[in-house]
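Undergrad: Below are the sequence and a predicted model for it; my questions follow.
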Amino acid sequence: MCDDTSSELQRMAAIERRDIHSQNSLQGRGALSRIVSPANTDEQAPPSRFSHSQNGSDADHEIRRSRRMRRKCKVEVLSPSDDAYYHWLIVIGAAVFYNWTLLVVRACFDELQMRNVMVWLVLDYVCDGVYILDIAVRLHTGFLDQGLMVKDMRRLRESYIQTLQCKLDICSILPTDLLYLAVGMSYTPLLRFNRLLRLSRLFEWFERTETRTGYPNAFRICKLVLYILVIIHWNACGYYSFSKVLGLGSDSWVYPNASDPEFGTLTRSYIYCLYWSTLTLTTIGETPPPVRDEEYLFLIFDFLVGVLIFASIVGNVGAMISNMNATRAAFQSRIDTLKHYMQFRHVSKVLEQRVIRWFDYLWTNQKTIDEQEVLRSLPNKLRAEIAINVHLDTLKKVRIFQDCEAGLLVELVLKLRPQVFSPGDYICRKGDVGKEMYIIKDGQLAVVGEDGVTQFAVLTSGSCFGEISILNISGSKMGNRRTANIRSLGYSDLFCLSKQDLMEALQEFPHARAQLEQRGRDILKKEGLLEEVNVSAGEELEEKVERLETSLDRLQTCLARLQSEFNSSQLRLKQRITNLETNVTTVCTGSGFLSDGNESVFGDGVRSEINIRL
């Protein structure tokens, strides 16, 4: 009883010490607080559980929303290599080109500006909208960092804001044209010259198009011609504005007075200025002489532009045209060299004509490109993918290569070499040693008799021959010899795979080699061209050769070890002999032992010592 009472008192004291900081009679110390506290706990529990679940649902909602935002951001990020980005460059490039051409001419020719004010306003503000959208596109355009595309919006935004182009883009969309409310509509083009700061987007579109088009040389020439036209256009507008400042018709050099009906129309004004600009920039001394000092300075500047800029542009055009004809020139040089050689060696005219016709066929069908040389600059991975895309379907048509390992087929397609045969050429003759197999890409081949005329069969595109002979299967009645004469009926395009290339590829795939040999044996057995006895004998011979090769390797290892030991022993013997000679020389030349003609008292002893050492 006493123990229970004391333990209960201790428990109550602990509860009162725990609640010492509470001052309320219903929440602090005492029995009443202990009675009321469970009720308060029951009343407060449901709201706390509800608030906890509500907080959890809000957190889940935030997580889901952030995930949706991340997915949305991933979708909106553009890669500079995407087609969508290139198509947008076309849109922004058109807007930039509009401003670079029409803003200038509208600023110089007031009649053009005032004739269609509403049209120009609509076009201007459409271009402004494109400019604003272009900033959003730049903010959502990824870039490569360590070979990976960056799609984090924060990094994209920071990277773009830190560039000079961001500042130029912002300056290009400043609403400076609103000043026309104060100065008038005729000055609107001048107020919009800040739109010219987006020129880099037009150059970017030029670069992208040059890499994507299949005719890069033609596109470069068109681009240079466009540069020339824009320079002439700007210079024509500058000439007309300069004439207005000096006074139209004030002298013979400026543009004639607009009161003259012949020169009063807008079309005549622009065409006349364009003609003057073209004449000034492309020639010297063919224009009316200037009268005033300002006119002299303007004409000097035009002459410098024509000499420096146009000379470089025309030089680039000439270089591009030369590059376009470089392939033709190199090919023609090869033909000329071969013609000279055949004339020097007195080759028959018939054979010379065959050679020339063969070259003509190569050029006409665009088969002058050396594929190995062209693909040499590519990494091995891309080179293999191109070879697979071009040759894999052709290689799968060969019977022995069907269902082979993918790695072996990749190795083989890299070793296929294209060959072109002229009409009447023999691809192989009966009895020749088979060192290559052929796959017909295009053309027709005939299996002919000894006379070269009688045809037994015709091989067309997709056919192949010689695949069994390059495997050198033991027991084959054919051996590795050709069993027929095959001749080209016309110009034929073939793929050639040499035996050496096949064996090099099979060294890395021993299992595939066994499969190919077994498949070749099955084909020969099906056609009745395999001798079983010879097969077993050949297998035994191969085993003997392998054992001999193993023994030879062991003998070579032992011989190398013995040679090393012999060299080491010989070196030690030479060192001992050298030491002995040194000791003998020291004893013989020592002072007090020998004299020039008289023996010392120790002479006999020294000689005996030398004899003992020797």
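TA: That came in fine, so what should we check first? Numbering: from 1, shown residues only.

Undergrad: Going by C-alpha atoms from here, please, whenever you check contacts or count neighbours.
TA: Noted.

Undergrad: quick one: low-confidence parts of the protein?
TA: Residue ranges of the chain with pLDDT under 70: 1-75, 186, 284-285, 368, 475, 478, 532-542, 590-614.

Undergrad: Kindly list the longest helix within it.
TA: helix 532-588 (DSSP state H).

Undergrad: helices and strands around that one, which ones?
TA: Other elements packing on helix 532-588 under the criterion 3 or more C-alpha pairs under 8 Å, 6 or more residues apart in numbering; DSSP states H and E are helix 603-613.

Undergrad: tally of neighbours for Arg268?
TA: 13 (other C-alpha atoms under 10 Å).

Undergrad: If you could redo that for Glu467, that was the one I meant.
TA: Count around Glu467 with other C-alpha under 10 Å applied: 22.

Undergrad: swap in Val347?
TA: 12.

Undergrad: separation between it and Tyr341?
TA: 9 Å (C-alpha to C-alpha, to the nearest Å).

Undergrad: With Val350 instead?
TA: 15 Å.

Undergrad: quick one: which of those two has more around it?
TA: The neighbour count for Val350 versus Tyr341, taken as other C-alpha under 10 Å, is higher for Tyr341 (12 against 8).

Undergrad: Which of the helices or strands spans the more buried one?
TA: Using DSSP states H and E, Tyr341 sits in helix 326-344.

Undergrad: list the buried ones in the helix or strand just after that helix?
TA: Once helix 326-344 ends, the next helix or strand along the chain (criterion: DSSP H and E) is helix 349-364. Neighbour counts over helix 349-364 (16 or more other C-alpha atoms under 10 Å) mark Glu352, Val355, Trp358, Phe359, Tyr361, Leu362 as buried.

Undergrad: and the residue lying closest to Asn194 once chain neighbours are set aside, how many neighbours?
TA: Nearest residue to Asn194 in three dimensions, chain neighbours excluded: Ser172, at 4.9 Å (C-alpha to C-alpha, 6 or more residues apart in numbering). Neighbourhood size, Ser172 [other C-alpha under 10 Å]: 20.

Undergrad: Could you pull up the contacting residues of Ser172?
TA: Ser172 sits next to Asn194, Arg195, Leu196, Leu197, Arg198 when contact means C-alpha atoms under 8 Å, 6 or more residues apart in numbering.

Undergrad: Quick one: the helices in the stretch 101-250 of the chain, in order.
TA: Assigned by DSSP state H, counting those that start in this stretch, the stretch 101-250 of the chain shows helices spanning 110-115, 117-139, 153-161, 164-172, 180-183, 188-191, 199-212, 216-246.

Undergrad: Now tabulate those in CSV and tack on distance to Gln556.
TA: Shown next, in CSV, are the helices of the stretch 101-250 of the chain (distance: least, C-alpha to C-alpha, whole Å):
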stretch, distance to Gln556
helix 110-115, 96
helix 117-139, 70
helix 153-161, 65
helix 164-172, 71
helix 180-183, 97
helix 188-191, 91
helix 199-212, 58
helix 216-246, 61
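
Undergrad: closest one to Ala514 among those helices?
TA: Nearest of the helices of the stretch 101-250 of the chain to Ala514, taken as C-alpha to C-alpha: helix 199-212 at 45.7 Å.

Undergrad: That closest one vs helix 216-246, what angle?
TA: 160 degrees (axes from the mean of the first three to the mean of the last three C-alpha atoms, to 10 degrees).
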